[in-house]
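Chemist: I would like the atomic coordinates for the input below:
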Amino acid sequence: MKFFALPLVCSFLLFGAASLLISAQAPSPAPAPRNAPPAQTPQRRAADFLAIGAPPDPAAVARGQKIFVPTCGFCHGTNATGGESGPDLVRSVIVLHDNNGSTIGPVVLKGRPSKGMPAFSSMTPDQISDIAAFLKSRTQAAANRMEYKIQNIVTGDPKAGQAFFNGPGTCNKCHSPTGDLAKIADKYDPVKLQSKLLYPRTSRSRGNPEEETAPAKATVTLPSGQTVTGILENIDDFNVSLRDSSGDYHSYPLEGRDAVKVQIADPLDAHVALLKKYTNADMHNVLAYLETLK
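Modeler: Numbers count the residues shown, from 1 in each chain. Next up, the predicted model:
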């Protein structure tokens, strides 16, 4: 027994020494820094990028809005963008330079009698602080367009829109509510549908059969009298380019000795022409009518 005990003890000692050596060589994890700042949210990163400061406490914003709307909304608008007689506070230097009521407070408490603003001397510091939070939220929303939320834009009269569609707009000459426009309101949301009305050429989509509009065609007449026809690729003040039926690309100058003449046939020309005829009511009414096509 004594003969075998010594090698066994040595084995344990060697194993222990090796473990200590490996532990000494392995890097230990870095300790977590004390008072480490919390991970930034996308909203906070955007605010830092735009240098508009941290967003105010949502609870304070809600309280401030409840005070602002009945007290200040008649003159300055319920969203602080201007009302019956008061200016837009979202662009106000006083509001932009405010820090928790530091510049807003004196104006609220003393008023501006020369400009028709009464004093609200009974307001408490907490109420002023909440109003300041609400106004700060409005200025930040105006600066941070990435957080902008589109409100309901379907505000027109569908019947008036249908009358325009079949009457002065002459839309029914090319479109049919039971044909190409059937269920169009299911295909596009109101924002996308309105953009197609107001920006017809920029909303043209190629490569997507469900959205693709018939392309514009160009006929170019060369100085020699030869004509080349194809799908219009681009045209500006200096050049016109097209792709012929074989898929070959052509580009021609519109100025100089070799200038060509060009005629363009675009199915969207009627839409572009309508932009000069639309009234604000017409645009909203047509959108409201198209939203009924589901």
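Chemist: in the lengthiest strand in the chain, what counts as buried?
Modeler: Secondary structure of the chain read by DSSP state E shows that its longest strand is strand 227-235. Buried residues in strand 227-235, counted by 16 or more other Cβ atoms under 10 Å: Val228, Gly230, Ile231, Leu232, Ile235. Quick note: C-beta positions are derived from backbone N, CA and C, even for glycine.
Chemist: List the buried residues in whichever helix or strand comes after that strand.
Modeler: Moving toward the C-terminus from strand 227-235, the next helix or strand (DSSP states H and E) is strand 239-243. Residues of strand 239-243 classed as buried by neighbour count (16+ other Cβ under 10 Å): Val240, Ser241, Leu242.
Chemist: Can I get those residues in JSON lines including distance to Gly86 and pLDDT?
Modeler: Listed next are the buried residues of strand 239-243 as JSON lines, based on distance: Cβ to Cβ, whole Å; pLDDT from 0 to 100:
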{"residue": "Val240", "distance to Gly86": "53", "pLDDT": "95"}
{"residue": "Ser241", "distance to Gly86": "54", "pLDDT": "95"}
{"residue": "Leu242", "distance to Gly86": "56", "pLDDT": "95"}
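Chemist: Tell me the one of the residues you listed nearest Leu275?
Modeler: The closest of these to Leu275 turns out to be Val240 (Cβ to Cβ; 23.1 Å).
Chemist: Quick check: closest non-adjacent residue to that closest one.
Modeler: In this structure, Val240 finds its nearest non-sequential neighbour in Val262, 5.0 Å apart by Cβ to Cβ, 6 or more residues apart in numbering.
Chemist: neighbours around the one you found, how many?
Modeler: 16 (other Cβ atoms under 10 Å).
Chemist: hang on, it is in a helix, isn't it?
Modeler: No: counting by DSSP: H, G, I helix; E, B strand; the rest coil, Val262 falls outside a helix, being strand.
Chemist: which residues sit in contact with it?
Modeler: Contact analysis of Val262 by Cβ atoms under 8 Å, 6 or more residues apart in numbering lists Ala218, Thr219, Val220, Thr221, Ile235, Val240, Tyr252, Leu254.
Chemist: please redo it, this time with the cut-off set to 7 Å
Modeler: Neighbouring residues of Val262 by Cβ atoms under 7 Å, 6 or more residues apart in numbering: Ala218, Thr219, Val220, Val240.
Chemist: Cool, thanks, signing off.
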